[in-house]
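Undergrad: Got a sequence here, can you build the structure:
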Amino acid sequence: MNPLISIVTVCYNSIGEIEDTILSVIDQTYPNVEYIIIDGGSTDGTVNIIKKYVDKIAYWISEPDNGIYDAMNKGIKVAKGEWINFMNSGDRFIASNVLEKIFSSELEGGITFLYSDYYITNFWNRRECVHASREKGIILHQSVIYKKILHERFGNYLVTPNYIVSDYLFFLLIPKSEMNKVDVNISISNQAGVSSGDWCGFQKIVVDYCLNEISIEKTIGKLIVGYLKNIVKKIVRKIIKK
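TA: Numbering: from 1, shown residues only. Model prediction:
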């Protein structure tokens, strides 16, 4: 009735954020959680914070890696849970009973992938709800819980320099019939993450086109809109700094 859920946190030199993430995981009221932390060899004191909660952590390691997706793949390798979620440093569960609410009732047969709307803290330090949609390609890995067995079917995350949408590419490989959007918002995170970089959006558009998610006309239109949005972002950032 309570399948084991592996929660994986990937971090590197994140002393200012890691503790909030850890607390949001170990405070979950769901009774069957395996917590894993994969640290990239931090030198700023992050490891000392991890050690504070070692009795709540099933597995942790601190060693150099080849980037975020390499670290996530390490977490997948050691995870023993039927379900897996990546709540990386700087991300948090929106409430302590998130997992309990989602798994309090039996899931529909054949469902292997759960996702939800999510919250971000925007540039003005305000909480903003983002409405997730598989059809629109709006899915955030923090607010995704899926069966680990999917990696046996579709492989692990692609690890290559300067490529930051491996999770999105993996999600698109999963049949829509196996996906279910839950009505419990899972996570909140800071907007200023790695995937918020200007070039990340362009990678996502290219992936959509390569997997026939959008037409060439929409691809060109989205690239133009993305370029204009990035110009506006840069102007706003300069204004905020001043």
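Undergrad: how about the closest residue to Asn180 other than its chain neighbours, what does it touch?
TA: In this structure, Asn180 finds its nearest non-sequential neighbour in Ile111, 4.7 Å apart by C-beta to C-beta, 6 or more residues apart in numbering. The C-beta positions use only the backbone N, C-alpha and C, and glycine is treated the same way. Neighbouring residues of Ile111 by C-beta atoms under 8 Å, 6 or more residues apart in numbering: Glu178, Met179, Asn180.
Undergrad: Now restrict those to buried residues only.
TA: Applying 16 or more other C-beta atoms under 10 Å to these, the neighbour count classes Met179 as buried.
Undergrad: Can you tell me which of the contacts of Ile111 is nearest Phe93?
TA: Asn180 (18.7 Å; C-beta to C-beta).
Undergrad: For the helix or strand where that closest one lies, enumerate the helices and strands it packs against.
TA: Here Asn180 sits within strand 179-181, counting by DSSP states H and E. The contact analysis (3 or more C-beta pairs under 8 Å, 6 or more residues apart in numbering; DSSP states H and E) places strand 179-181 against strand 113-115.
Undergrad: Name every strand pairing with the strand it packs on and say which way it goes.
TA: strand 144-147 (antiparallel), strand 179-181 (parallel) (DSSP bridges).
Undergrad: what's the spacing between the strand holding Asn180 and its chain's center?
TA: 16 Å (C-alpha atoms, centre = their mean, to the nearest Å).
Undergrad: what about it, average pLDDT?
TA: Mean pLDDT, computed over strand 179-181, is 96.
Undergrad: neighbouring contacts of it?
TA: Leu107, Glu108, Ile111, Thr112, Phe113, Leu114, Tyr115, Ser116, Ala132, Arg134.
Undergrad: List only those of these flagged as buried.
TA: With burial judged by 16+ other C-beta under 10 Å, the buried subset of those is Thr112, Phe113, Leu114, Tyr115, Ser116, Ala132, Arg134.
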